[in-house]
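Student: give the three-dimensional model of this entry:
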Amino acid sequence: MKEDFLHYVWRYQKFDNKNLLTTQKLSLKIIKTGFPHTDSGPDFKQAKIRIDDIEWNGAVEIHIKSSDWNRHEHQHDESYQNVVLHVVWQNDLAIHHPDGSLIPTLELKDRIDIDLIEKYNQLQKSKDHIPCASQWPKVDSILKSQMFEKALVERLLNKSEKAKSMFENEVQDWEQASYFMLLSAFGFKVNQYPFERLAELLPYQIIKKYRSSVFQLEALLFGAAGFLEFDFRDEYPNQLKNEWHFLRHKHAEVFQKELKFLEWKFLRLRPANFPTIRIAQLAQIFHLFDSLFEAFVIETNAKTLLKRLKVGVSDYWMNHYQFDKLSTSKNKQLGANSIKIVVINTIPPLLALYANSIVEEKYMDKALSILKELKAENNYITKKFTVINTEFNSAFDSQAAIQLHNEYCQPKRCLDCTIGLSLLKA
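Tutor: Sure, this is the predicted structure:
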């Protein structure tokens, strides 16, 4: 037995509630189950019950065993003093408030349908990556669509959470937030953290001042990233280094620190994915876009963005992957799949954050619409869903599946999933 199952049983009253009695044999009537409470304190707030002829308003706490009350040390926590009912699977110990009064307790072990318990256990004990895989065909397609959209919106808002740190003293700097999301996406997981740090250490307002010069943009980006603190043989990195030292001194109030070269990962990356190449590509993007926020949020168009982000690199990087290391000359244009990943991880989360911040639904619709215009990803998670006959028509579906898999299926949060709930009700 798990506590979250008892939460579900109480919330939706999935037990025999006829002729209810407390463990003290007092008649019990449930008027309001209360509202789930996820912060510290009792599990349900604002419940209303009647014991004998007295009506009580307060909180409900749920445990597997009544003795869990003491094990969790609720007896020392004042926030539990307004508990009017203790709902348990098994009553193994009488529990009292600090004033000595007995806490009314409802025992559920003989009141829950065994079929419901078995359905729940089937999901929880499933060895499949998707716990309901064997029952997936039974689920109504509309319910699946609803859960996919719910999971997708969650994913977008979760991804954009870090960008909120760009908002200081309630001043919402959407240019900086757009810049942060773009750099985070350019990390492609392996270098996501150093790129996010770069966005924090090198503000977009500085980037915008020098957007007319790719050379100065590269000096700023490579300098703040920690790539220019070496002695170089080639002329170009030495020129960048001199320019960086000049700009760092000029904006000394901004550049208090910089990243270390060792924070960047090159190992097991294809040369085209080296952070040096990604930074060179970013310099081209900043040179091209007058305003990231305008391009990403206000005038968003998926097809236009896919074309505009097809940037290359400056001349030096055509035959280099790292400073002072000559390579065969090659066009290092940002590839179609990389552009798609950048767009997926930048634009829709940013639109979702903006929609939530200004309470304007059209921007959330825009976020979902863009994902519907992009091809679905093909990875180990989408393959798990393909096996159970799930169609992926766009990135909308694949991104939703990733969230569903990671946040619901893997931790087996079936009771928080409309698909899981529908199977329990079946």
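Student: strands of this protein, start to end?
Tutor: For the chain, the strands defined by DSSP state E cover 28-32, 35-36, 44-51, 54-65, 83-90, 105-107, 320-322, 325-326.
Student: hey, which of these is tucked in deepest?
Tutor: Comparing these by mean neighbour count (mean count of other CB atoms under 10 Å), strand 83-90 ranks first with a mean of 22. In this view, the C-beta of every residue, glycine as well, is placed from N, C-alpha and C.
Student: and the contacts of that one?
Tutor: 1, 6, 10, 28, 42, 47, 49, 56-66, 68-69, 74, 95, 97, 103-109 (CB atoms under 8 Å, 6 or more residues apart in numbering).
Student: hmm, back to that, among the strands of the chain, which comes closest to Phe296?
Tutor: strand 320-322 (28.4 Å; CB to CB).
Student: distance check, the closest residue to Phe255 other than its chain neighbours against Phe215.
Tutor: Counting by CB to CB, 6 or more residues apart in numbering, the nearest residue to Phe255 once its immediate chain neighbours are dropped is Arg248, at 4.8 Å. To Phe215, Arg248 is 15 Å away according to CB to CB, to the nearest Å.
Student: Asp128 now?
Tutor: Asp128 is 55 Å from Phe215, by CB to CB.
Student: next: Ile370.
Tutor: Plainly put, Ile370 is 33 Å away from Phe215 if you go by CB to CB.
Student: please apply the same query to Asn82.
Tutor: 66 Å.
Student: now do the same end-to-end measure for stretch 130-140.
Tutor: Counting by CA to CA, to the nearest Å, you get 17 Å between the two ends of stretch 130-140.
Student: distance from the chain centre to it, please.
Tutor: Its chain's average C-alpha position is 24 Å from that of stretch 130-140, according to CA atoms, centre = their mean, to the nearest Å.
Student: pLDDT weak spots in the protein?
Tutor: 168-171 (pLDDT under 70).
Student: residues touching the residue nearest to the spatial centre of it, list them.
Tutor: Computing the C-alpha centroid of the chain and ranking residues by CA atoms, centre = their mean puts Asn158 first, at 2.7 Å. By CB under 8 Å, 6+ apart, the contact set of Asn158 is Gln403.
Student: hang on, the earlier thing: what's the closest of the strands of the chain to Glu149?
Tutor: The minimum distance between Glu149 and the strands of the chain falls on strand 35-36, with 21.6 Å, by CB to CB.
Student: partner strands of that closest one and their direction?
Tutor: If you go by DSSP bridges, strand 35-36 pairs up with strand 44-51 (antiparallel).
Student: got the angle for the strand it pairs with vs strand 28-32?
Tutor: Per axes from the mean of the first three to the mean of the last three CA atoms, to 10 degrees, the angle that strand 44-51 makes with strand 28-32 is 140 degrees.
Student: ok, residues contacting strand 44-51?
Tutor: 10-11, 22, 26-37, 55-62, 84-85, 104.
Student: and if we set it to 6 Å?
Tutor: For strand 44-51, contacts defined as CB atoms under 6 Å, 6 or more residues apart in numbering pick out 26, 28-32, 34-35, 37, 56-57, 59-60, 84-85, 104.
Student: list the beta-bridge partners for the nearest residue to Asn17 once chain neighbours are set aside.
Tutor: With sequence-adjacent residues excluded and distances taken as CB to CB, 6+ apart, Asn17 is closest to Ile30, at 6.4 Å. For Ile30, the beta-bridge partners are Ile49 (DSSP bridges).
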